[in-house]
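Peer 1: give me a 3D structure for the following:
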Amino acid sequence: MDAQAHILQMREVLSATGLTLPEVWVTYYGMGGAVSRFELEAHLAGLLVLQPEECDVLADAINDLLSGMATKSRIARCSDDRPAESPAQARRALGMAGAFLFTAEEQEDERLDAVTRTDLLDTVQEERFDRITREAKDYFGVSSVIVTLIDDRRQFLKSVIGPIQQNMPREISFCNATIRNAGPLIVRDALEDERFKNNPLVVGEPYIRFYAGYPLRGPGGWTIGTLCVIDQQPREYSMRDGRKLRTLAGQVEDEINGPRLLPDTENGTVPHPIRDGKSEQ
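Peer 2: Residues are numbered from 1 along each chain as shown. Predicted structure coming up:
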């Protein structure tokens, strides 16, 4: 089945069953999907062709929703038309979307492999990341902003503003909790949060009270680190704040993974960073 026929099949099924794009995107994202709701909308409109791996995650998400409905309709996976692979290759090709097929130890091995494949560990700070942390600091008015990568033992800071220690042990890091979330981790007052009130980073330097972290997806959709904002004073966190942090995290992911692809009707697909302030709904 070619891409346009696949898109048409999805549109027909969504129309027939009443499934909405927000429902599909939430399920898709929860299964490890790496593109934004805006991009899914563009895909279903025939304006953007997803990579085969993302196409498979989208099909799985729709089929998961359909399984709870009185319909026999199912969406074909793009990989159904590909040459057969070994079971191990097939699992790995799914990336984060196939996490349920791995043991917890295997999932961590895949995640660590994705961290390594970024080629960013133990590299110097770069302006392309620093401009994002500066924008986050200006917007949120906090003391610290960091872009982290988390390997098997530590939190490496690819970009940092503020008094946050480099190579902090991951077991005490707030970001170690963030990478286990499908969405952001928000701690408005760490002293009032049972998970963190006795954390050495709360009762000692840098005396964290407010933390908002967004998980960053790398190769294969695996969560490799975080973008987070930190302060020594508790504070509220609004829906507008959430949209901003998510947009900035999308920009970091674009720097890590390369820009998204948008179709050019004359010359084919060309790189274009789709995640700006208008792309998140």
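
Peer 1: any buried residues in the helix or strand where R131 lies, and which?
Peer 2: Using DSSP states H and E, R131 sits within helix 127-140. Judged by neighbour count (16 or more other Cβ atoms under 10 Å), helix 127-140 contains these buried residues: 129-130, 132-133, 136-137, 140. (Glycine included, C-beta is placed from N, CA and C.)

Peer 1: elements contacting whichever helix or strand comes after it?
Peer 2: Where DSSP H and E defines the elements, the next helix or strand beyond helix 127-140 is strand 144-150. Judged by 3 or more Cβ pairs under 8 Å, 6 or more residues apart in numbering; DSSP states H and E, strand 144-150 is in contact with helix 127-140, strand 154-161, helix 174-178, strand 223-231.

Peer 1: now the angle from strand 144-150 to strand 223-231?
Peer 2: Relative orientation of strand 144-150 and strand 223-231, computed by axes from the mean of the first three to the mean of the last three Cα atoms, to 10 degrees: 160 degrees.

Peer 1: now do strand 144-150 against helix 127-140, angle only.
Peer 2: 130 degrees.

Peer 1: for strand 144-150, give the mean pLDDT please.
Peer 2: Per-residue pLDDT over strand 144-150 has a mean of 98.

Peer 1: repeat for stretch 117-133
Peer 2: 96.

Peer 1: can I get the buried residues of helix 127-140 in TSV including distance to I208?
Peer 2: Shown next, in TSV, are those (distance: Cβ to Cβ, whole Å):
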residue	distance to I208
F129	21
D130	22
I132	21
T133	17
A136	16
K137	15
F140	14
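
Peer 1: pick the one among those residues closest to Q4.
Peer 2: Each of the buried residues of helix 127-140 was checked against Q4 using Cβ to Cβ; the closest is I132, at 35.6 Å.

Peer 1: pretty sure the closest one is touching L227, no?
Peer 2: Yes: taking contacts as Cβ atoms under 8 Å, I132 lies within contact range of L227: 7.3 Å.

Peer 1: so what sits against both of these two?
Peer 2: 147, 248, 252 (Cβ atoms under 8 Å, 6 or more residues apart in numbering).

Peer 1: which stretches of the protein form helices?
Peer 2: 3-17, 21-30, 37-44, 52-66, 87-94, 104-117, 127-140, 174-178, 200-203, 239-257 (DSSP state H).

Peer 1: could you give the angle of the first one to helix 21-30?
Peer 2: Spelled out, it's helix 3-17. Here helix 3-17 points in a direction 120 degrees away from that of helix 21-30 (the same axes, to 10 degrees).

Peer 1: list the buried ones in helix 3-17?
Peer 2: 6-7, 9-10, 13-14.

Peer 1: helices or strands up against it?
Peer 2: So helix 3-17, by 3+ Cβ pairs under 8 Å, 6+ apart, packs with helix 37-44, helix 52-66.

Peer 1: burial count for V124?
Peer 2: 5 (other Cβ atoms under 10 Å).

Peer 1: how much space between it and A5?
Peer 2: Distance of V124 to A5, given as Cβ to Cβ, to the nearest Å: 47 Å.

Peer 1: could you give the bridge partners of the closest residue to R235 other than its chain neighbours?
Peer 2: Spatial nearest neighbour of R235, excluding adjacent residues (Cβ to Cβ, 6 or more residues apart in numbering): F210 at 4.8 Å. Beta-bridge pairing of F210 under DSSP bridges involves D231.
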